[in-house]
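>>> one predicted model, sequence on top.
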Amino acid sequence: MNPAQDGTLDIEADVAAALAERRPVVALESTIITHGMPFPQNAAMAANVEAIIRAEGAVPATIAVLDGRLKIGLSTAEREQLARTQGAMKASRADLAFAMAEGKTAGTTVAATMIAAHRAGISVFATGGIGGVHRGAESSFDISADLDELAQTPVIVVSAGAKAILDLGKTLEVLETKGVPVVGYQTSGFPAFWSRVSEFKVPLRCDTPEAVARFQKAREALGISGGMLIANPVPQDSEIARDQMETVISLAMSDADANGVRGKAVTPFLLQRIFELTEGASLKSNIALVENNARLAARIATALTA
Ligand code: PSU
Ligand code: MN
């Protein structure tokens, strides 16, 4: 049965029509709305990325769980309400179905958004930065479920790399082990979220949306499952220098430690603390990179339908 009709998904009319007509659709996550940014900037960002995708001729599908319903595409009212919601769950692979079973409202992480997008038939997804291997993971074992999802779910994820609060080297190693292609977009360096480059190189590089589409089609032709990570550097005028961010990240991490922050609370805590420590500069940069990723994702989705 078409998942649009099997009762597990609520696919918005615009999105359903685009999918039926094989027009380009771009999925968007919502943990960035519920846990990644404060109100009202989260609401403005969520509206802007949708507008950018439409301006590129594609249809945006923001994915979230509202009162237990898994939504593929939100109305303006639903999106604005989600941005104001206090205490929404953060749903990943482990708890997406729990949020639905319990009638909760939840932001979906990269992993959960990939699951929902794939089920709806959407193959391109834009986010800020994926979760990955945390610094100190050798003792905390904190490794995001996003990495396993990339290994198994065939969705192209457009990001500004992995969030720089992570151990980027270990994150790249795990992606390599799991067979996830990491593709620099017009860059040979692995971006560090708020900064355009890190000390790491990307294993692969594509310079056009068409090249990404060709690569994905070649993978499909070979029957290779799983997603790929596109690493698209933050625009130059919105970047924060890596050494400047490193100081801030270290401070935020010691605060997290001192407060005993664990598990899925770690990423939201660090982002919020970094926002405070940079007096909002990290947020501006985060918004710019998400918008930049939405634009590229729309172009890749268009190239895939050509
Ligand atoms: N990128 C952002 N802000 C965010 C996130 C990513 O710019 O808030 C979210 C994503 O939803 C990602 C999640 O999947 O953080 C990772 O959380 P964790 O490390 O707990 O797996
Ligand atoms: Mn984690």
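In hand now; what should we look at? Ligands and ions are numbered 1, 2, ... in the order given.
>>> could you point out the longest helix in this protein?
helix 281-305 (DSSP state H).
>>> in that one, what counts as buried?
281-283, 285-304 (16 or more other CB atoms under 10 Å). The way it works is simple: take the backbone N, C-alpha and C, and place the C-beta from them, glycine included.
>>> near ligand 1, from the residues you listed?
The subset of the buried residues of helix 281-305 within reach of ligand 1, by CB under 6 Å from any ligand atom, is Asn286.
>>> in the stretch 101-250 of the chain, which residue sits closest to ligand 1?
Closest to ligand 1 within the stretch 101-250 of the chain is Gly128: 2.3 Å, counting by CB to the nearest ligand atom.
>>> how about that residue: what's its closest non-neighbour residue?
The spatial neighbour of Gly128 that comes closest, neighbours along the chain excluded (CB to CB, 6 or more residues apart in numbering), is Val290 at 4.7 Å.
>>> mind listing the helices for the stretch 101-250 of the chain?
110-120, 137-140, 145-152, 168-177, 209-222, 242-258 (DSSP state H, counting those that start in this stretch).
>>> of those, which approaches Thr187 most closely?
Between Thr187 and the helices of the stretch 101-250 of the chain, the tightest spacing by CB to CB is seen for helix 209-222, at 13.2 Å.
>>> any idea how far that closest one is from the middle of the chain?
Put simply, helix 209-222 sits 20 Å off its chain's centre (CA atoms, centre = their mean, to the nearest Å).
>>> again, but for stretch 258-274
Distance of stretch 258-274 from the chain centroid (CA atoms, centre = their mean) equals 18 Å.
>>> circling back: tell me the helices and strands packed up against the longest helix of the chain.
Counting contacts by 3 or more CB pairs under 8 Å, 6 or more residues apart in numbering; DSSP states H and E, helix 281-305 is packed against strand 25-28, helix 41-55, strand 124-126, strand 156-159, helix 209-222, helix 266-277.
>>> need the residues of the stretch 101-250 of the chain near ligand 1, please.
Residues of the stretch 101-250 of the chain found near ligand 1 (CB under 6 Å from any ligand atom) are Thr109, Val110, Thr127, Gly128, Gly129, Gly131, Ser144, Ala145, Asp146, Lys163.
>>> how close does the most centrally placed residue in the chain get to Pro235?
Nearest residue to the geometric centre of the chain (CA atoms, centre = their mean): Thr127, 2.8 Å. For Thr127, the distance to Pro235 equals 16 Å [CB to CB, to the nearest Å].
>>> and the helices of the stretch 101-250 of the chain, which is most packed in?
Each of these was scored by mean neighbour count; the highest is helix 110-120, a mean of 26, by mean count of other CB atoms under 10 Å.
>>> can you get me a residue count around Asp167?
When neighbours are defined as other CB atoms under 10 Å, Asp167 has 20 of them.
>>> just to check, it is in contact with Glu138?
No - contact criterion CB atoms under 8 Å: Asp167 and Glu138 do not qualify, at 9.2 Å.
>>> right, I'll call it a day here.
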